[in-house]
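*Asks:* Got a sequence here, can you model it:
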Amino acid sequence: MQKELKNGIIFYMSPNLFPSKKQFPKPETASERIPQQEQKVDSTVETGREIEQLAERQPVPDQETDYGRATAPVPVQHAKEPQRVGGKKTPELVEIENILSEHLEELFVSLSDSKKTAFKEKGEEAAQTIDSLLKQTKIKVKQILQTIISWLSIIPGINKFFIEQQAEIKTNKLLALRNKETHT
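*Replies:* Numbering: from 1, shown residues only. Coordinates of the predicted model:
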């Protein structure tokens, strides 16, 4: 313990609070590292085997650390979309697509060919996303609603309130479909 006197008050300081400089060495500067990293410069072309040998000899770069501990890699997030087996749609997916396409025939016919294909593809993706959301234990209604709104917003010249109204109606029908399936 070290005593320190400030304004007539004695402070006791623990040596553990202020580690010695030996524990934390000064990092090397860029000029000090250059001689260690110099490699032979050769104008000859190296074969694949020589390149593999060079890669094996090179030191492994230090892992990023967090206070001396190696940090764990971030886990890979996989898509939770159901994969269709053999290109066939499940009956639930077909039912969801039927609910989504209700009362949109006239709008679909009025679209251009490029918009029709984009609308159809986005609708199939939305149906798969909604199918996966409905199969979860906790239903995320807001995500279902946002998926339908983003799908319907592809149609040009449609009133925002009409899109929201149709999305709410379709969401309610989808929830009723899920409740019917779980109770039977």
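
*Asks:* what helix or strand does the residue nearest to K173 when sequence neighbours are not counted sit in?
*Replies:* Using C-beta to C-beta, 6 or more residues apart in numbering and skipping residues adjacent in sequence, the residue nearest K173 is I99, 4.9 Å away. Where you see a C-beta, it was placed from the backbone N, CA and C, and this is true even at glycine. Assigned by DSSP states H and E, I99 belongs to helix 91-101.

*Asks:* what packs against the next helix or strand after that helix?
*Replies:* Going down the chain from helix 91-101, the next helix or strand is helix 105-110, by DSSP H and E. Helices and strands touching helix 105-110, by 3 or more C-beta pairs under 8 Å, 6 or more residues apart in numbering; DSSP states H and E: there are none.

*Asks:* one step back: measure the residue nearest to K173 to P156 for me?
*Replies:* Taking C-beta to C-beta, to the nearest Å as the measure, I99 falls 23 Å from P156.

*Asks:* ok, the two, which is more surrounded?
*Replies:* Neighbour tally, I99 and P156, criterion other C-beta atoms under 10 Å: the higher count belongs to I99, 19 against 9.

*Asks:* For the more buried one, give me its contacts.
*Replies:* The neighbours of I99, taking C-beta atoms under 8 Å, 6 or more residues apart in numbering as the test, are K170, K173, L174, L177.

*Asks:* Any of these buried? List them.
*Replies:* K170, K173, L174, L177 (16 or more other C-beta atoms under 10 Å).

*Asks:* Okay, and which of those map to helices?
*Replies:* K170, K173, L174, L177 (DSSP state H).

*Asks:* Per-residue pLDDT of the spatially closest residue to the last one that is not a sequence neighbour, please?
*Replies:* Same thing as L177. The shortest distance from L177 to any non-neighbouring residue, by C-beta to C-beta, 6+ apart, is to E95 (6.2 Å). You'll see E95 listed with a pLDDT of 93.

*Asks:* burial of E95, as a residue count?
*Replies:* Neighbours around E95, by other C-beta under 10 Å: 18.

*Asks:* H103 now?
*Replies:* Using other C-beta under 10 Å as the criterion, the residues surrounding H103 number 9.

*Asks:* who are the neighbours in contact with it?
*Replies:* Taking C-beta under 8 Å, 6+ apart, we find H103 in contact with Q166.

*Asks:* now the helices: where do they sit in this structure?
*Replies:* Under the criterion DSSP H, the chain contains helices at 30-37, 48-57, 91-101, 105-110, 113-134, 141-152, 160-183.

*Asks:* Residues contacting the fourth one, please?
*Replies:* Surrounding helix 105-110, the residues in contact under the criterion C-beta under 8 Å, 6+ apart are S101, K116, F119, I155, I158.

*Asks:* how far away is the second one from S110?
*Replies:* Taking C-beta to C-beta as the measure, K116 and S110 are separated by 10 Å.

*Asks:* One more: I139?
*Replies:* To S110, I139 is 33 Å away according to C-beta to C-beta.
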